[in-house]
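K.L.:
Provide a 3D model corresponding to the input given below.
(4 chains)
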Amino acid sequence: MPDLLQLLETLLANPWVILGIKLSVLLILLPATLVVGYVELKVMAHIQHRLGPMYPGGFHGWAQTLADGIKFIQKEDIIPRAADRMVFAAVPFLTMMGAALAFVVIPVGPQWIIEDLEVGIFYALAVSSIGVIGVLMAGWASANKYSLVGALRMAGQLIAYELPLVLAAAAVVMQAGSMSMVDIVESQRPFWLFNWPQGLSFVIFMVAATAEVVRPPFDMPIAEAEIITGAFTEYSGMRFAFGLFAAEYIAFIALSALATTLFLGGYLPPIPALDWEPLRPLWFLLKTSSILFVLMWVRWTYPRLREDQLQRFAWKVLVPLSLANIFFVGALKLTPII
Amino acid sequence: MAKIPDELTKARVTGAGTLRTEEMILNVGPQHPATHGVLRVIVTLDGERIVEGEPVIGYMHRGHEKLLEQRDFRQITNLLSRMDWLSGINNEIPASIAVEKLMELEVPPRAQYLRVILAEINRILNHLMFTGSFGLELGASTPVMYAFRERELLQEAMEMVTGGRMHFGFIRPGGLKEDVPKGFAERVLKGIRQLIKYIPDYENLLLGNEIFKQRTVDVGILDPELALEYGVSGPILRGSGVPYDVRRTDPYLIYDEFDFDIPVGAKGDAFDRFWVLIQEMRESARIIEQALEGLPPGSHLGQVPKRLTLPEGEIYSRAENPLGELGYYLISNGDAKPYRMKIRTPSFSNVSVAPHLLKGIYVPDMIAILGSMFFVVGDIDR
Amino acid sequence: MAKTEIVKLDIDQTPLREIKKTTLGTGLLKGLQITMRHLLSRSVTVQYPDEKDVLPARSRGVIALKEENCTVCMLCAKECPDWCIYIDGHKEFRQPAQEGKRAKKYNVLDRFAIDYALCMYCGICVEVCPYDALFWTPEYEYAEHDITHLTHEMDRLSDWMYTVLPPDELDPAATGPEFKTLPQRTAPAVATPPASDGEQPTPAGEVAAPKTDQGEPTDPAAVPEQEAKVTEEAAEAIDTDVATGEAAPQEEAPQPKEEAPTPSEPQAEATAVSEEEAEEIGRKVYEEEIGKGSDPRVAEGRRKAAVLRARKGTRGPGG
Amino acid sequence: MATTKRFPRSSERVEPEAFSERVRSKLGNAAGEVQVRFNQVIVSAEPGRIVDIMSTLKGDPELRCDYFTFLSAVDLQEEGLEVIAAVSSTRFENTVIVKVALPSEDPSLASVTGVYAGANWHERECAEMFGITFEGHPNLVKLYLPEDFEGHPLLKSFKLASRTYKPWPGATEPDEAAGGGRS
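P.N.:
The predicted model follows:
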């Protein structure tokens, strides 16, 4: 065993290996969206007393999302005549990019991080909002009234959730005394599984994050029954798959990973005894997937709110709560607890 | 949440001299996920606020009334089940009653009981469909699957009896096409039992859910007087607090022999309408239970001449359909075919009141209101 | 009458006022609890192409034509509300049995087609047919890429006959008006068909090849049991055919079988043969059918019919 | 308000015969014949008095026909058209059917939308199907049919196209098949 450990340590000291790891984090993202998409199909189906996809790929339809992807590639690429072609075409890149960039600062393990920026959390929250600009662009460029309504809802939603999201993260930064993601994780060592002084921040963050990834009960910008996928009404084929699905799942994974890092102790194991370097990414994955699962569970249980109700909720409940939370964390900071 | 005062809407529309704003006209439908069918609503929007909403119908007009003039009474039965395709048996019953009354045919008691059982199963099937689809329109995609699970059991019972799943064509003047097969009662009871077991789930997933309440309470309040003036009936009228139910006010078949309640709402908002819908399933289950218990042995068909030729005369025959009052005004000139058959469908009158509800609300509320109007486009357009 | 035990259900209304009260999050938690409970229980769906629901006998899936019963009376085509039944026929004369008598006129069916693109599945044709030539079968898998292929001609309609199920037993309390003058249901199967002119009763296998057993024909262990079932059900089917149908006026249904053999029907041996030989014949018929490109279910039905015929020593419908 | 109530038939229910007496006395000479058939009160009225009759039916405290059931028409060919309007009283649990005879040529009738707003769509449907002009209707445009549709489908003179295009397959004699067979 010690030999193996030593070998690992030497390996991890090699910069090329590190680079490989860093690249693989990004390369893993696209397949990861397929996996998460598949899991969501299955969770949805079982919640609804069904089995979900069972045929593609043989075993329990594991290749369903892959097949969907291939289907999307084969489809005709339609751009409406009245659309602003350049903007229309740029949207999928933009929506996907924002969320994907956030992965740069997420520590899967202390070494398993692409770049441990000093302003990590600030950066992550900033880039994850880029996708919204993509949605706005899609809504305007499509030359469709439904898309326009969807885009405006998205803009309204951005303003509503961004503040509580940032304020909740600010409380964590106060606790850690650093914006670096690794520092934030390390600061949670006394709590390991759940950073309980941040309990309220966690709830606020999760609510705001659900609104950011536009999932029910906050999926008003794409509500099918009302405005027919909103900004993406006119998108089809590959553009639709990337602009809406892939972007949604990347953002979904990114925010769950972010929440894991900020509140669930990131790569730290649930009890100190299990703290063993090679297992750390596993803990991270486990925690992230459990957050993903809970969000899926919520998504398939609730109806959706109305845009003005979200605004009211954000401004009248979430913002005051997160401000109060900052005071609370500040007070805790004066005690020896954190 | 509540309606926006008119002055405020006007001030916004004219821009109050600062910024020029324009109203946007949005076509919701005829192909739209929330209009289940091909209904089109032209809404004038100020931002997301609806200044005016006008339903446009006729995309599914099949000319039933003209077609009925070309068909004899056996063929008519099969056409009528296609109006409101969620309540086939209920559509057929008043037509048969009209023929029976004009011809003075006697319907054996067993047929009466079976008609009640089938009609109430059909009512449950219809209500389950709307339970699910209302959730779907508000973004909850799970209740519809649960509703279909319960639907399937009763649907199987219906298929076992009639051979059809939607268009039953089973009611004949004078009785029924055939008697029920062995094991029918057990099947129905199994379905009812499961339904009663799972209704609390729907209530907790939808009615009891805070988000659902946010979306439906005080949304689309329908004034009872206005509703009556528009001829609104069924769960929508009862949601407004008017206990009008043809099964009670003008009993047909043998409904006066059963013990059941008429659930009525208090305020007439979307929440009340939906609550009435769910409670009605329970009442139907009670009726089915009593009818199965009292089901007498005997014949399923009375003495009916081989060829149905109606005497001259006219009659308005009505019934409480799952969606409201369905009536046929049948005029006969002594032929095997009706001279004229006016169809008064519940959805037609129910939807005609919509412009009053679609004023000064938000687009999502429109979906909630249309969803709680429980209409079938085939029933509006005929 | 065996009355169904009615266990009183506990049906309670949920008061509107109670459920409409403002709550703080308990409803959200209850919802999560319900969906979790479903997530953890077994699913209730049927995996369609692999598993299939057993449909009841009354299911209106597709209409099957029993060609030899049709007398070209046109009643179905007349009563059809959609005008989707096309029938052609011509008149022929039969040699009188005795010298000096007038030759009898009878109708021969040339074409019988139902356009399923038009059909509204009301079942009026089945209902009005006085000679029991039309039957409902629960088959539903006949979607086509081309709408014109939805017009099923006589051969295809006859093939559906193999999937007709015997009617369900009625509720014990039912005393339908048409049951009053009927023979006992326990009457021996072979004696009841309204066969005139000493004709052979319709081969049993043809009336009801049970849809449920589609086992491999080469499975020797399963076959005898299956066949026993076939005979039984067929017997019942014939019996009830008589029971439910309005008795056909005999003089109008002469229909000599020699004149109208089903072209695709394989000819079987005329004498009774042993079990193995019968099996062999069945297998041949099956392979031949599969080779022709028939539907496996149809082939299976024909195989059974051939085996039965061989065992009984009768000819096919042609003989 | 109670949420659920056991609902027996209204205590104020009036038997149809008695209700027809009320209708007769309240309408006075505005209405023609008043009779009861199949428990429904049938009133025949002059075209000019339709709005008066409807207002009385709705407003009179002893009639209170608050529920608008339907409005339609029938083409009686030689005898002209007949407009049939039905209203019900939820309180007294009775239905009154008002019949108005109109000529076939240029039929027109005063709109009752002022009394019963719900008559709006019914009158629009009736107008396009029978060609009756409802004077005073706020928006008498086609309801079901396309704007440029010509003819009034529910008139008996309007032939059903589907039955004339295709020969009747049920014909046993050659001449039956032509001309749409049976109508």
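K.L.:
check contacts around whatever residue of the stretch 1-150 of chain A ends up closest to chain B.
P.N.:
Taking C-beta to the nearest C-beta, chain B has its nearest neighbour within the stretch 1-150 of chain A at residue A:48, 3.7 Å off. Placement of C-beta: from N, CA and C, glycine included. Residues counted as contacts of residue A:48 (C-beta atoms under 8 Å, 6 or more residues apart in numbering or on different chains) are A:300, B:141, B:142, B:145, B:146, C:38.
K.L.:
And for residue D:76?
P.N.:
residue D:82.
K.L.:
gap between it and chain C?
P.N.:
Residue D:76 is 26 Å from chain C, where distance means C-beta to the nearest C-beta, to the nearest Å.
K.L.:
Now residue B:213: closest residue in space, sequence neighbours ignored.
P.N.:
Spatial nearest neighbour of residue B:213, excluding adjacent residues (C-beta to C-beta, 6 or more residues apart in numbering or on different chains): residue B:271 at 6.7 Å.
K.L.:
thinking the one you found is in contact with residue B:220, fair?
P.N.:
No: Residue B:271 lies out of contact with residue B:220 (C-beta atoms under 8 Å); the separation is 9.4 Å.
K.L.:
where do the strands sit along chain B?
P.N.:
B:24-28, B:40-46, B:49-56, B:171-172, B:175-176, B:262-263, B:313-321, B:324-332, B:340-344 (DSSP state E).
K.L.:
Tabulate the ones you listed (JSON lines), appending distance to residue B:126.
P.N.:
Formatted as JSON lines, those follow (distance: least, C-beta to C-beta, whole Å):
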{"stretch": "strand B:24-28", "distance to residue B:126": "24"}
{"stretch": "strand B:40-46", "distance to residue B:126": "22"}
{"stretch": "strand B:49-56", "distance to residue B:126": "21"}
{"stretch": "strand B:171-172", "distance to residue B:126": "16"}
{"stretch": "strand B:175-176", "distance to residue B:126": "20"}
{"stretch": "strand B:262-263", "distance to residue B:126": "16"}
{"stretch": "strand B:313-321", "distance to residue B:126": "8"}
{"stretch": "strand B:324-332", "distance to residue B:126": "11"}
{"stretch": "strand B:340-344", "distance to residue B:126": "17"}
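K.L.:
mind checking which of the ones you listed is nearest chain A?
P.N.:
strand B:24-28 (5.2 Å).
K.L.:
partners of that closest one, with directions?
P.N.:
According to DSSP bridges, strand B:24-28 forms sheet pairs with strand B:40-46 (antiparallel).
K.L.:
And the partner strand, what's buried?
P.N.:
Of the residues in strand B:40-46, B:40, B:41, B:43, B:44, B:45, B:46 count as buried by neighbour count, 16 or more other C-beta atoms under 10 Å in any protein chain shown.
K.L.:
Backbone dihedrals for residue D:146, both of them.
P.N.:
Main-chain dihedrals, residue D:146, degrees, to the nearest 10: phi -60, psi 160.
K.L.:
What residues of the biggest helix by length in chain B count as buried?
P.N.:
Taking DSSP state H as the criterion, chain B has its longest helix at helix B:109-137. For helix B:109-137, a neighbour-count test (16+ other C-beta under 10 Å) marks B:110-137 as buried.
K.L.:
Farthest-apart pair in the contacts of residue A:48, please.
P.N.:
Spanning the widest gap among the contacts of residue A:48 are B:141 and C:38, at 13.1 Å by C-beta to C-beta.
K.L.:
How about the contacts made by residue B:159?
P.N.:
By C-beta under 8 Å, 6+ apart, the contact set of residue B:159 is B:165, C:55, C:56, C:58, C:59.
K.L.:
any idea how far it is from residue D:14?
P.N.:
The spacing between residue B:159 and residue D:14, counted by C-beta to C-beta, to the nearest Å, is 44 Å.
K.L.:
Repeat that for residue A:196.
P.N.:
71 Å.
K.L.:
With neighbour numbers in mind, choose between those two.
P.N.:
More crowded of residue A:196 and residue D:14, by other C-beta atoms under 10 Å in any protein chain shown: residue D:14, with 18 against 11.
K.L.:
The more buried one - nearest residue in space that isn't next to it in sequence?
P.N.:
Nearest to residue D:14 is residue D:92, by C-beta to C-beta, 6+ apart, at 4.5 Å.
K.L.:
Kindly report the same for residue C:174.
P.N.:
Residue nearest to residue C:174 in three dimensions, not counting chain neighbours: residue B:179, with 3.6 Å by C-beta to C-beta, 6+ apart.
K.L.:
since we're on residue A:7, how many residues are nearby?
P.N.:
With neighbours defined by other C-beta under 10 Å, the count for residue A:7 comes to 10.
K.L.:
Local confidence estimate at it?
P.N.:
On pLDDT, residue A:7 comes in at 72.
K.L.:
In contact with it, which residues?
P.N.:
Neighbour list for residue A:7: empty [criterion: C-beta under 8 Å, 6+ apart].
K.L.:
would you list the strands of chain B in a markdown table and tack on mean pLDDT?
P.N.:
Below are the strands of chain B laid out as a markdown table (pLDDT from 0 to 100):
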| stretch | mean pLDDT |
| --- | --- |
| strand B:24-28 | 84 |
| strand B:40-46 | 87 |
| strand B:49-56 | 87 |
| strand B:171-172 | 86 |
| strand B:175-176 | 86 |
| strand B:262-263 | 86 |
| strand B:313-321 | 89 |
| strand B:324-332 | 90 |
| strand B:340-344 | 90 |
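K.L.:
Which one, of those strands, ends up nearest to residue C:91?
P.N.:
Comparing these by their distance to residue C:91 (C-beta to C-beta), the top pick is strand B:171-172, with 34.7 Å.
K.L.:
What strands line up against the closest one, and which way round?
P.N.:
When DSSP bridges is applied, strand B:171-172 pairs with strand B:175-176 (antiparallel).
K.L.:
Which SSE is immediately downstream of the helix or strand of chain D with the lowest mean pLDDT?
P.N.:
Using mean pLDDT, DSSP states H and E, strand D:4-5 stands out as the lowest-scoring helix or strand of chain D, at a mean of 42. Sequence order places helix D:16-27 as the next helix or strand after strand D:4-5, per DSSP states H and E.
K.L.:
what's near enough to touch the nearest residue to residue B:169 once chain neighbours are set aside?
P.N.:
The shortest distance from residue B:169 to any non-neighbouring residue, by C-beta to C-beta, 6+ apart, is to residue B:78 (4.2 Å). Counting by C-beta under 8 Å, 6+ apart, residue B:78 touches B:167, B:169, C:81, C:120, C:122, C:124.
K.L.:
Identify the residues contacting the spatially closest residue to residue B:143 that is not a sequence neighbour.
P.N.:
Excluding the flanking residues, the one nearest residue B:143 by C-beta to C-beta, 6+ apart is residue B:135, at 3.8 Å. Residues near residue B:135 by C-beta under 8 Å, 6+ apart: A:303, B:141, B:142, B:143, B:144, B:205, B:206.
K.L.:
Point out the residues in chain A that sit beside chain B.
P.N.:
Applying C-beta under 8 Å from any C-beta of the partner chain, one finds that chain A approaches chain B through A:44, A:47-50, A:145-146, A:149, A:152-153, A:216-217, A:219-220, A:223-228, A:300-309.
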